[in-house]
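**Q** only geometry, no sequence info:
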């Protein structure tokens, strides 16, 4: 059977541009996603944070429902939502509803989170993240089973609660993380691993091995930080300021380690050279992606940031069209040719 690989787009719906209303910004983003499906992109991925001045989306499932109505075949997923600050029953209900609305096209990706302000408001403790994650996953799976949920854990107690409606196709429950314990957890109780910038692929495979799970049963959904353009140097000059904004906020929040020991980047050039970004033209992107997919046949989906915070839509559109026309078909042919050798 030919190998199926989805190519997709990643959105955070951040809008630091004060001249663009969120109404206009959301409408333009939804139109862009529908157009991307026509270009040949197979998936769209949404992420979650709360209480961010630029509007980083706190409600990805609401947006996912709107995308489901604007698209026909594109898979919709979260990479990722913050399960430890959520009510797992409520999240299970919303995800089941999305599966129904989308005709089974929704995948629920979850992770631990790390921002103190989010845990404070939702009355959870950062130190309890592992147990909140483990118990939340078990509760969600029970909720989608069609049987009453019965659970007695350290964080949640649920007695004989039936959750409806039951989706015909329950979402895949994917798990992300960059630390070894989180990646091992994804291998143990997840339906797949959400990676960020290529981090953790080998750890995920090692965790499958340790569990005596066949590597062929593994599934990686790879969030890439690649920037692909006909002229990478010119593209760096155009989008560098937006990438600097993006990555420095993640550093300040603690995404890549304790902020006090993880310095921010001083310039856009520094961020693009030394951060997670990879600058490519079509030829180098095809080479890199083919190598990645060859090394890790577990990869089911590769998705790229569609828009950087504050970036004009025409810049994101240009990259999307370039990737769709000059990269994706060539990578697919390379992988198909490998299968026939």
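**A** Structure's in. What do you need? No experiment lies behind these values; they were computed from the predicted model shown.
**Q** Next one: the most centrally placed residue in the chain from residue 237, what distance?
**A** Nearest to the mean C-alpha position of the chain, by C-alpha atoms, centre = their mean, lies residue 79 at 2.2 Å. Residue 79 sits 28 Å away from residue 237, going by C-beta to C-beta, to the nearest Å. The way it works is simple: take the backbone N, C-alpha and C, and place the C-beta from them, glycine included.
**Q** Dig out what the residue nearest to residue 83 when sequence neighbours are not counted forms beta bridges with.
**A** Distances taken as C-beta to C-beta, 6 or more residues apart in numbering place residue 110 nearest to residue 83, at 3.9 Å, with adjacent residues excluded. In this structure, residue 110 bridges to residue 81, residue 175 when assessed by DSSP bridges.
**Q** Provide a list of residues in contact with residue 110.
**A** Contacts for residue 110 (C-beta atoms under 8 Å, 6 or more residues apart in numbering) come out as 78, 80, 81, 82, 83, 133, 136, 137, 173, 174, 175, 176.
**Q** Show me which helix runs longest in this protein.
**A** Looking across the chain with DSSP state H, the single longest helix is helix 232-253.
**Q** What are the contacting residues of it?
**A** 14, 16, 49, 52, 114-115, 227, 229, 256, 259, 262-265, 267-272, 275-277, 279-281, 305, 308-311, 315, 319.
**Q** Now do the residue nearest to the centre of the chain, the pLDDT please.
**A** Looking at residue 79, its pLDDT reads 98.
**Q** wait, it sits on residue 45?
**A** Yes - between residue 79 and residue 45 a contact is recorded at 4.2 Å, counting by C-beta atoms under 8 Å.
**Q** Report the set of residues contacting both of those two.
**A** 10, 109, 221, 223, 303.
**Q** and the fourth one, that's in a helix?
**A** No - the assignment for residue 223 by DSSP: H, G, I helix; E, B strand; the rest coil gives strand, which leaves it out of any helix.
**Q** who touches it in this structure?
**A** 10, 45, 79, 194, 195, 196, 197, 303.
**Q** What pLDDT does the model give it?
**A** Reported pLDDT for residue 223: 98.
**Q** Name all residues that make contact with residue 23.
**A** Residue 23 neighbours (C-beta under 8 Å, 6+ apart): none.
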